[in-house]
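**Student:** model the structure of this input:
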Amino acid sequence: MSLTSRILVAMALGLVVGGLFNFAENQGWTAGVFDAWIDEFIVSGVFDLGGKIFVALLKLLVVPLVFVSLVCGTASLGDNTRMGPMAGKTLVLYMITTAVAISLALLAGWVIKPGVGFDLTSDATYTAAAAPSLKEVILGIVPTNPVQAMAEGNMLQIILFALLVGVAMSRAGDAGKRLAAFFNDFNDIVLRMVVMLMNFAPYGVFCLIAQMATDLGLDAFANLAAYFFTVLFVLFLHGLGTYAVALKLLTGLSPIMFYRKMKSVMLFAFSMSSSNATIPVTLRAVRDELGADNRVASFTIPMGATINMDGTAIMQGVATAFIAQAYNIDIGFGGYMMVILTATLASIGTAGVPGVGLIMLAMVLEQVGLPVEGIALIIGVDRLLDMTRTAVNVCGDAMVTLAVAKSEGMLDEVRYKEDPSLPGHIG
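**Tutor:** Numbering: from 1, shown residues only. Just a heads-up that it's a prediction; the model follows:
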């Protein structure tokens, strides 16, 4: 079976098993010793352990893969580096897709009106974390200790340090060539580790999905169905519509082939709920399946995993409309425009901050005068939506990578058009 098929089977089995456990628990069928055995040994023990080990192994590969791959890509560009123009194109495209995402979300929220008639309780509380200032954001990008940055997984600092090392290697003559050969060999080894780990992906996915289904069940979003399905609708619209149109306009490539080769990555991201944890899989697919040159992909994919928050922007747009309607507050056209601007800029300004989605949403609500306490109501379904948001984000990372690679003449269109069903393809 292909990787996609195995992941799909694992997700389906996880949902069935977790759903049965949740239903049995709610019905009181597992009371007593059997209940403790399921909760403590199977769900909190086996499922939790299996899922956390798999995610930990993925995160283990993220820092070495990003650093080594980006060093190799930058060094291979030579003295006349194109990193500056590439970075500019990447940043602009990510900001444009984020602005489009939140615009679609606000439009859907205005048309569907998921918050109308919703009695928002006044005792709901939520304490928003403080957003970093612009000065703190800029200082946070510059590493004072690259080893500490790698230990903490600070992607922006790792990217900057890798760029400096790669540019220095390209200008160091024979010494740089010898070191580049070492990094190229190291890169091949790390990519081989990714392939080895992918063989265990279905088991990790099963554990993660089964635990989530057991813990949440269907009650988590029963009262927020309108909000939940509105966000879900816009995520699908943006992921399958906006990216397809952008890919065709910017590269002339077939969106159908793009989604065929990205389906396993999107499923993987869905189960992981983490763009950073999916970096090894996304990078391998974009480079080996879609034909983007490593010199482009090694920069755009880690950068996208850090600052590309289209899925989060969609959640913010619908949540803003939902909270405004639930509190019967009309923020007007100017307020909606402010939401678009604030969320687009905040997607970069809060990159790498823990809990970034809710911090950004709190910033947006405060900017247009909506009560931040409204966040308390949507947290219950955010875990489920976060899975889909991550799949949309990695799809956007790949689309922007192909657009930048095409503009730089670093896209292998023959490889892009190869049938993904042939042996050797990850799908």
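**Student:** now the helix or strand where Lys135 lies: average pLDDT?
**Tutor:** Element membership for Lys135, per DSSP states H and E: helix 134-141. For helix 134-141, the mean pLDDT works out to 74.
**Student:** contacts only, for Val46.
**Tutor:** By Cβ atoms under 8 Å, 6 or more residues apart in numbering, Val46 lies in contact with Cys207. Where you see a C-beta, it was placed from the backbone N, CA and C, and this is true even at glycine.
**Student:** hmm, Phe21 is touching Thr214, no?
**Tutor:** Yes. Phe21 is within contact range of Thr214, at 4.4 Å (criterion: Cβ atoms under 8 Å).
**Student:** what's the overlap in contacts for these two?
**Tutor:** Val43.
**Student:** what lies in contact with the helix or strand containing Phe229?
**Tutor:** Assigned by DSSP H and E, Phe229 belongs to helix 225-237. For helix 225-237, contacts defined as Cβ under 8 Å, 6+ apart pick out 101, 104-105, 108-109, 112, 114-115, 118, 221, 311, 314-315, 317-319, 322, 378, 381, 384-385, 388-389, 392.
**Student:** who's in contact with Val245?
**Tutor:** Contacts of Val245 by Cβ under 8 Å, 6+ apart: none found.
**Student:** please, which helix or strand holds it?
**Tutor:** Going by DSSP H and E, Val245 is in helix 243-251.
**Student:** in that helix, what counts as buried?
**Tutor:** 243-244, 246-247, 250-251 (16 or more other Cβ atoms under 10 Å).
**Student:** beyond that helix, next helix or strand please.
**Tutor:** Following helix 243-251 in sequence, per DSSP H and E, is helix 255-272.
**Student:** elements contacting that following helix?
**Tutor:** helix 3-26, helix 201-216, helix 243-251, helix 279-284, helix 375-407 (3 or more Cβ pairs under 8 Å, 6 or more residues apart in numbering; DSSP states H and E).
**Student:** how distant is that helix from the center of its chain?
**Tutor:** 12 Å (Cα atoms, centre = their mean, to the nearest Å).
**Student:** which residues of the stretch 151-300 of the chain score low on pLDDT?
**Tutor:** The model of the stretch 151-300 of the chain has pLDDT under 70 over residues 216-223.
**Student:** could you say which helix or strand contains Asn276?
**Tutor:** When the helices and strands are read off by DSSP H and E, none of them contains Asn276.
**Student:** I'd guessed it sits against Met303; true?
**Tutor:** No. When contacts are counted by Cβ under 8 Å, Asn276 is not listed as touching Met303 (11.7 Å).
**Student:** between those two, who's got more neighbours?
**Tutor:** Ranked by neighbour count (other Cβ atoms under 10 Å), Asn276 and Met303 place Met303 first, with 24 against 19.
**Student:** roughly how far does the more buried one sit from Ala297?
**Tutor:** According to Cβ to Cβ, to the nearest Å, Met303 and Ala297 sit 10 Å apart.
**Student:** same check, this time on Thr230
**Tutor:** 33 Å.
**Student:** show me which of the two is the more surrounded one.
**Tutor:** Taking neighbours as other Cβ under 10 Å, Thr230 and Ala297 compare with Ala297 leading, 30 against 25.
**Student:** from what I see, that one and Glu289 are in contact.
**Tutor:** No. Using Cβ under 8 Å as the test, Ala297 is too far from Glu289 to be in contact (11.0 Å).
**Student:** Gly409 - how many residues pack around it?
**Tutor:** As a measure of burial, Gly409 has 8 neighbours, counting by other Cβ under 10 Å.
**Student:** could you do the one 3 residues further on as well?
**Tutor:** A total of 14 residues lie near Asp412 under the criterion other Cβ under 10 Å.
**Student:** do Tyr259 as well
**Tutor:** Considering only other Cβ under 10 Å, Tyr259 is surrounded by 17 other residues.
**Student:** list the buried ones in stretch 143-157?
**Tutor:** 143, 146, 149-150, 154-157.
**Student:** out of the residues you listed, which is nearest to Tyr203?
**Tutor:** Closest to Tyr203 out of those is Met155 (27.1 Å), distances taken as Cβ to Cβ.
**Student:** for Gly153, see how far away the closest residue to that closest one other than its chain neighbours is.
**Tutor:** Among residues not flanking Met155 along the chain, Thr306 sits closest, at 4.3 Å (Cβ to Cβ, 6 or more residues apart in numbering). Applying Cβ to Cβ, the value for Thr306 to Gly153 is 10 Å.
**Student:** do Asp48 as well
**Tutor:** Counting by Cβ to Cβ, the gap between Asp48 and Gly153 amounts to 21 Å.
**Student:** ok, now Gly109?
**Tutor:** 34 Å.
**Student:** same deal with Lys59?
**Tutor:** 7 Å.
**Student:** so for these two, which residues contact both of them?
**Tutor:** Asn276.
**Student:** chain neighbours aside, what residue packs nearest to Ala398?
**Tutor:** Closest to Ala398 by Cβ to Cβ, 6+ apart is Val286, at 5.1 Å.
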